[in-house]
Structures are given as C-alpha cells and as structure tokens.
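J.: Sharing a sequence plus its predicted fold:
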Amino acid sequence: ILLLNRKNMDDDYLERFKEWIEWDKNEQTRNAILALKQQEDHATLRGMLCSRVLFGTAGLRARMGPGFSQLNDLVIIQTTQGLSAVLKENIQPDVLKKGVVIGFDARHNSKRFARIAANVLTKKLIPVALFSRIVPTPYVAFATRKFSYAAGIMITASHNPKDDNGYKLYWSNGAQIIPPLDAAIQSSILANLKPDDECWDLSALDSSEKLSDPFYEVHESYLAYIQASLPSLSSMQIDKISATYTPLHGVGQAYVEDAFRKLSLPEIISVPDQQNPDPDFPTVEYPNPEEGKSALDLAMKAADAKQCALIIANDPDADRLAIAEKQSNGKWRVFSGNEIGTLLGWWSLEKCREILREESSLKLINCYMLSSTVSSRILETMAEVEGFNFEETLTGFKWMGNRAEELKKQGYTILFAFEESIGYMFETEVLDKDGVRGACEAAQLAGFLRNQGKLLSTQLDDIFVKYGQHISFNSYYFSYDQNITRSIFKRIRCFEGVVNSYPPSLNGIKVNFVRDLTTGYDNSQSNNEASLPTSTSSEMITFRLANGIVLTLRTSGTEPKIKFYAELIDRNKTFSSRFDGEKFLQMHVKMMVDFLLEPKKNNLKPKSD
C-alpha cells in the first residue's frame, strides 16, 4: 500500500511537472522549475506543483513565485479564465456589455498581473476598464458600484509582506464575493486550467477596442462623492488642524492629498522616507499600521519635527486606517482598531444628528451601524441608548458590505461599519473598508473636537463614561504549520475526548456559552446550532465567560496567524478606572490564551509589538 501510494504521488507530481513545463511561457518561472528538477529537489517541487493556491471569498493571496501553489503569470491566467467562464455562464448575462474594472497597487508584479488579467478578459470579448496607474483598493470597489461593472478585480496583497501578492474580486454590487460564488469560481478555475495561447501575447492589449482607462472619471467621481458626503468645515465648526500622513510606501499619498484639498483641509505633513510607493517597504518590518508604534516610528519623528499632534496612516493599498495622537504628557498614543471604530461611530452619529436637524424625513430608527463578531460591541450599546439599529456580521467586510446592500434595498440608511483590524466603511458608496475616506473623516473629527477644546483621547473617555467601559485586548500569534493550527483547535473542540466537549472553565472562570462557527455548534441556542453562517474553511471559536469576558479565537484568512479577541463591558462601573479594567482583562486573557493555544509547545511566534 505504501509503495502504491508513493507511486500515485509520483505520478501526480510528474503530471503536474509536465503541465507546468507545457503551459508556462514565462521564462523566469519556467526555468526556475526546470532548475529545481535538474537539482533533483523533488520536495520543493512537490510543494510548488502538487497543491494550488485556492480561490476563496478573499480571492487569492499568496507568495509570488513559480508553481501552482504561488502567484505567477500562469496562475493569474488560469484564475481569470475561470472567472470569465463564470461571468459568461448566466451569472452576469450583461458582462459583454458592462465589462470588468481592474486596478493594481504598487507591489512587485501588480501592474503585470493586472495587464495579464485584462488581456485574458479582452480575448474573451469582455470589455475591461484597466486603471493606467496605481490606485487604492477602495477605488475599485467604488468604480464597480458607481459605474455598474459586472465585476471588479484589484491586484493587491494589502498589508502582507513584500513577497506576497493577491487577486481581490468585487461583484456587480461593489462588495466582495461571498459563498457559494467563491466555490463556483474555484470549480471553474479547475475546469479551465489549460491557458489559451493567445493569453500570453500582450502586444495587442493597449490597442484593443475592448480596453479603456477609467482613471480620470473614477478619480473625479470619487472626489465629488467625498465632498458631498462629508460636512463643510463651517457647517459643524471644524477647525483646520495639521495632520502628518504616511502611506507606508503604498499608494495613498497622492489620493489623500487630493481628497484633503477637495475638503479644504490643511496640506498634510509628509513622511519623506515613506511617502513614495516602494514595493520593498524598506523602513518597516511589516507594512501594516495595525502593528502600532513599530510601523509609525518615522511618522512620529516627522510629526514631532513640525510640532504636529495628529498622525494618520494607511496600509499600502489604502483601505485600512490608523490614527495616533500626541497626549498632553508629550507621549504618542496609537489608538486600537476598536478605539478608532468607537470614535468614528460616535462621529457618524454626530453627523447624522446634524442632518436630522435639517431633514425631518431621516429618522434614527431607520439607520443602521454594523460591526463584525470579533469587534467591540460599543456600536450595539450606542444603538440601545440612542435608538438606531445595530447588526453583527461574520468577520470580514464581504459580510458587512453585502448586508449593508441588503439593508439599503429595504429602505434603511447605513451610517457606518467597522472591524477591529482598522477597517472602516462609511455609508454605501464604497461597500468595503476605505482608508482614503477614513483619513478625511479622522482629520475632520480631530478638527471638530479641537474646536471644543478636546483631544480624540478625551472624547473617547467621554464616550465610555456615557455608554460604559468597553475594554478590549486583541493580539495574535504566527502559526506557520497548518497541521499544528488544526491540532490546536481540535484539542479545544475535543477537550474531554469527544466532539463538542470544550473546556468548562478558563483560568478558573466558568464558561457559560461556546459558539463554534467552524462546526456550527452554539450552546446558547435552544437547538445548539449557530445563527450566524458557518464555514469549515477557517477556525473560529467564541467563549462567553461568567464574569462577562468574551474571548474569540480565529485563524486569519490571508496570513499565517491565530488571532484572539477579548472584550469586557463594564456598564456597572465595577472597576474604579479603565486602567484597572484593562489590567484585569489582560491578566485573565493572557493565561486563557496560553492554556488554549500552548504557544511554547506549538512553537507559535507572538506579535512583534
């Protein structure tokens, strides 16, 4: 049996090798595979050829390199051939008229991958609006919705390391795809693996009648939308205050500058070593502002040099937003994703109240805010007090964006949505997180508070005084071995030797309820079945403890991470200060996570900062 299994494995390996050599017309990646074969490095070749990067709701995201398991010209062609078949097979019957919009960021190969995707589609007679220059990811979401394209493709790996890239897909409503569409596209990719020879020839792409450049129309439309959506500085007494801005070597600088000019906001203070696009991200270990001070050191130095008290940052594709503020003691405070979500949620409510004073037709009872299940429940608490509606969704803006569209069709007004991983959505013109608009909102909010003699931090304190302390503690571990990750969650689910026997207590605190959105188990429901959608493709378990702590463990869909999220809502003022509540939560959660994940035993790497 072992010999037979080895023979089958070798047969599959050799077949994949032959396919790669036959299909790949890129000399660099083709020769890399040939060189490994000549070196008889069969283990590396099997890893590259005998598995393939899968298309999910986040599209594709992987390291760039040769083989079916990485991103390269051939995989982009195969993916786009599969997508084009799905678009034309009665799912988007108007695709030959509506076309597809394609954007790309400043990463290595992003422009090339975008052009290859455009070439495949135009050869299939599908019109393509291909941006002529790098753009923020929210521009593709905006363009897809505003100009009624059948779909939108963004070539980006967002804040991933420099060797990664990705293929993000928006559907005709401008939101990311959700099941079962991802499975249909993956099946179509597998049914269309052999590349058409004409897809490799890009020489006629630029002269194709099916190709156009949407940049100027989309850019002007986006700026007009920003201007129409945000209040004028005078209407809400917003002071003009300076902000230091960093795009972290990404695409955001020019777009945030244009948006600030459109809103008559002061010119941004730039971070010289980070303001220009650079796919190598030379000044940061991780190009992710969510990393906190380690990613914002240069911005703080630039701000200090200009005596500026506000820092705004985007990730490299400008869909995420980070904020830091200098406090009265001279130290910088980097706000967490939940804290920014709290401030922007409050700000969205304030702006809505201003509209209510002018438009009697808009009522709070007809308004919604949303957040994901791993984010703070602060919007839910605000909704209970203020009278608007709140809804929780699964993790990811694919769920919030599509749900927002459903609610809009029912006649509701969507004010705001957020996820703790520094993602923020405003209204419904962009059904995804938008760091460019987020930067504008942050600058206006800071100016509004400055007019009242407040800092962002003091307003945050006032919010928690009114609605109760919502104390969060979130972090993650890197887990590079999928087998270890699976064994960790299997141990949690089968803690007492059988399925659905989760730990009855954590750190001596009774577990009241467990919700497992991987298996669909939820013992808070009468039938023990979760009400939110479930997915076996990712891990996610939530514990609700007797002392009010809610702890969620989940795997990232785009990075090799196990994340944990904890929140304690102190509405009854149990703790004398927020600091005491934070100490209490962190003490318990650190011990709980250590018990559940066993980081040392499983060789997990903690967050750097």
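T.: Happy to help now that I have it.
J.: List the residue ranges of this structure that fall below the pLDDT cut-off.
T.: 1-9, 90, 358-361, 609 (pLDDT under 70).
J.: Try it again at 80.
T.: The chain contains residues with pLDDT under 80 at 1-11, 90-93, 233, 292-293, 355-362, 557-558, 572-573, 608-609.
J.: For S187, which residues are in contact?
T.: Shown in contact with S187 (CB atoms under 8 Å, 6 or more residues apart in numbering): G82. From N, CA and C alone the C-beta is placed, and that goes for glycine too.
J.: Now do the helices in the stretch 1-150 of the chain.
T.: Listed in chain order, the helices found in the stretch 1-150 of the chain under DSSP state H, counting those that start in this stretch are 2-23, 27-38, 42-49, 73-86, 95-98, 110-123, 137-146.
J.: out of those helices, which comes closest to I323?
T.: I323 lies closest, by CB to CB, to one member of the helices of the stretch 1-150 of the chain: helix 137-146, at 17.4 Å.
J.: Can you list the strands that the helix or strand following that closest one pairs with?
T.: Past helix 137-146, further along toward the C-terminus, the next helix or strand under DSSP states H and E is strand 151-155. Sheet pairing here is set by DSSP bridges, and for strand 151-155 it gives strand 100-104 (parallel), strand 164-171 (antiparallel).
J.: what's next to the last one, contact-wise?
T.: When contacts are defined by CB under 8 Å, 6+ apart, strand 164-171 is touched by residues 55, 58-64, 71, 76, 79, 83, 107-110, 113, 117, 137, 140-141, 144, 151-158, 160, 176-177, 181, 185, 432, 558.
J.: same check, this time on the shortest one
T.: Surrounding strand 100-104, the residues in contact under the criterion CB under 8 Å, 6+ apart are 87, 110-111, 113-114, 117-118, 121, 126-131, 134-135, 137, 139-140, 143-144, 147, 149-156, 214.
J.: Please apply the same query to stretch 484-496.
T.: Stretch 484-496 is contacted from outside by 479, 499-503, 516, 518-519, 539, 541, 553, 555, 562, 596-598, 602-603, using CB under 8 Å, 6+ apart.
J.: Tell me which of these fall in strands.
T.: The members of the contacts of stretch 484-496 that map onto strands under DSSP state E are D516, I541, L553, T555, I562.
J.: what's the neighbour count on the second one?
T.: Neighbour count of I541, defined by other CB atoms under 10 Å: 20.
J.: just checking, it touches I562?
T.: No - applying CB atoms under 8 Å, one finds I541 not in contact with I562, separated by 10.8 Å.
J.: shared neighbours of those two, anything?
T.: By CB under 8 Å, 6+ apart, the residues touching both I541 and I562 are L553, R554.
J.: any idea what sits nearest F131, other than its immediate chain neighbours?
T.: Spatial nearest neighbour of F131, chain neighbours left out: G103 (4.6 Å); criterion: CB to CB, 6 or more residues apart in numbering.
J.: before we move on, the earlier item: selecting buried members of the contacts of strand 164-171 in ChimeraX, what would you type?
T.: Buried members of the contacts of strand 164-171, defined by 16 or more other CB atoms under 10 Å, are picked up in ChimeraX with:
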select :55,58,59,60,61,62,63,64,71,76,79,83,107,109,110,113,117,137,140,141,144,151,152,153,154,155,156,157,158,160,176,177,185,432,558
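J.: contacting residues around I178?
T.: T57, K398, W399, N402 are the contacts of I178 under CB under 8 Å, 6+ apart.
J.: Could you rerun that using 10 Å?
T.: I178 sits next to T57, W171, L394, G396, K398, W399, G401, N402, R403, P533 when contact means CB atoms under 10 Å, 6 or more residues apart in numbering.
J.: Those residues in helices, which ones?
T.: Among the contacts of I178, the members falling in helices (DSSP state H) are K398, W399, G401, N402, R403.
J.: Return the entry from those with the maximum number of neighbours.
T.: That'd be G401 among the ones in helices among the contacts of I178, by other CB under 10 Å, with 29 neighbours.
J.: of the ones in strands among the contacts of stretch 484-496, closest to N31?
T.: Nearest to N31 among those, counting by CB to CB, is T555 at 35.2 Å.
J.: wait, doesn't the closest one sit right on L597?
T.: No - counting by CB atoms under 10 Å, T555 does not reach L597; the two are 11.4 Å apart.
J.: Identify the contacts common to those two.
T.: S479, T485, I488, F489, I562.
J.: For K563, see how far away the second one is.
T.: Yep, that's T485 we're talking about. Shown here: T485 relative to K563, a distance of 12 Å by CB to CB, to the nearest Å.
J.: residues bridging contact with these two, i.e. touching both?
T.: Residues within reach of T485 and of K563 at once, by CB under 10 Å, 6+ apart, are Y477, T555.
J.: Contact partners for L455?
T.: A309, L310, E325, K326, Q327, S328, R333, A446, L449, D461.
J.: And those, which is closest to N512?
T.: Nearest to N512 among the contacts of L455 is D461, at 30.1 Å by CB to CB.
J.: Identify the residue spatially nearest to the closest one, adjacent ones excluded.
T.: R578 (7.8 Å).
J.: How about the contacts made by that neighbour?
T.: By CB under 10 Å, 6+ apart, R578 lies in contact with L460, D461, F464, V465, Q469, H470, I471, D570.
J.: What about those, which are in strands?
T.: Assigned to strands by DSSP E, the following of those qualify: Q469, H470, I471, D570.
J.: Can you select the buried ones from the residues you listed in ChimeraX?
T.: The buried residues among the ones in strands among the contacts of R578 can be selected in ChimeraX (16+ other CB under 10 Å) with this line:
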select :469,470,471,570
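J.: of all the ones in strands among the contacts of R578, which two lie farthest apart?
T.: The widest separation within the ones in strands among the contacts of R578, taken as CB to CB, falls between H470 and D570 and amounts to 8.0 Å.
J.: intersection of neighbour lists for those two?
T.: The contact sets of H470 and D570 overlap at F464, R578, G581 (CB under 10 Å, 6+ apart).
J.: wait, what's in contact with the last one?
T.: In this structure, G581 makes contact with F464, Q469, H470, I471, L568, I569, D570, K573, T574, F575, judged by CB under 10 Å, 6+ apart.
J.: now it, nearest residue through space, not along the chain?
T.: Sequence neighbours aside, F575 is the residue nearest to G581 in space, at 4.0 Å (criterion: CB to CB, 6+ apart).
J.: hang on, that neighbour packs against G548?
T.: No - using CB under 10 Å as the test, F575 is too far from G548 to be in contact (11.3 Å).
J.: what do those two both touch?
T.: The contact sets of F575 and G548 overlap at L568, L585 (CB under 10 Å, 6+ apart).
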